[in-house]
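J.: The following comprises the amino acid sequence and a computationally predicted model.
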Amino acid sequence: MRKIFLAVGGMLMFGMLSNKAVAQLDNRGAIGGRFGSAQGVTYRHTLNTNHALEGIMSIQSNSDYRRFRVVGLYEIYKPLTSGLNWYYGFGGSIGSYKEKDKIIDGQRHSFDSNLNLSIDGIVGIEYNIPRTPFQISLDVKPYFDFLNESSIKLFDPIGFSVRYKF
């Protein structure tokens with residue numbers, strides 16, 4: 001957790017070197033990777049200078065389960081300084097959840113894959129690296145999974161993204 005706070009602080013300090021705020025979203029689209037508790041691909045399509053649609057396809061796996069999700073988000077961007085924005089948004093996701101096979105009392109037990117539907121939110125900061133077509137972002141994407149787990153995940157879905165702007 002300390003590393004996350006240091007990364008956020010570093011991006012804020014980096015962005016505050018300039019004192020003018022310009023248009024937040026100056027590109028048509030951006031594609032890249034998202035890393036955190038789940039890894040995947042992220043694509044953002046700019047609607048105008050303040051609004052965008054983002055799609056995330058992610059895979060999460062540990063010793064107990066595997067999860068695949070496709071997330072769609074509507075995002076609103078606000079400038080902090082030149083090249084540094086904060087954003088928030090909402091959306092939903094669909095995916096699958098499968099508990100991994102287990103050996104219980106010497107017998108192997110297999111589990112079926114289950115459908116997941118959720119309502120998602122997102123809050124984060126984004127830094128556009130000057131004179132390059134790259135941007136980095138750090139966000140938290142809480143969600144309410146109402147079919148399989150019926151639970152709210154608040155801090156598990158912290159993510160770091162690196163995108164190429166075009």
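T.: Yes, it's here.
J.: Run through who's touching stretch 93-108.
T.: 63-72, 109-118, 120, 143, 148-149 (CB atoms under 8 Å, 6 or more residues apart in numbering). Just so you know, the C-beta spots here come from the backbone N, C-alpha and C atoms, and that holds for glycine as well.
J.: Which positions in it come out as buried?
T.: 93, 95, 97 (16 or more other CB atoms under 10 Å).
J.: Which ones among the contacts of stretch 93-108 map onto strands?
T.: Taking DSSP state E, the ones among these that sit in strands are 65-72, 109, 113-118, 120, 143.
J.: for the protein, what spans make up the strands?
T.: Using DSSP E, strands in the chain cover 29-36, 39-46, 51-61, 65-81, 84-99, 102-104, 107-109, 113-128, 134-140, 143-145, 151-153, 158-165.
J.: Just name whatever secondary elements the longest one is in contact with.
T.: The one in question is strand 65-81. helix 2-15, strand 51-61, strand 84-99, strand 113-128 (3 or more CB pairs under 8 Å, 6 or more residues apart in numbering; DSSP states H and E).
J.: Is there a quick ChimeraX command that grabs whichever of the ones in strands among the contacts of stretch 93-108 are buried?
T.: Selection of buried members from these for ChimeraX, criterion 16+ other CB under 10 Å:
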select :67,68,69,71,116,118,120,143
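J.: can you tell me which of the buried residues of stretch 93-108 lies nearest to N48?
T.: S93 (24.2 Å; CB to CB).
J.: and that closest one, what are its bridge partners?
T.: V71, S118 (DSSP bridges).
J.: How about Y127?
T.: Beta-bridge partners of Y127, as defined by DSSP bridges: L84, I136.
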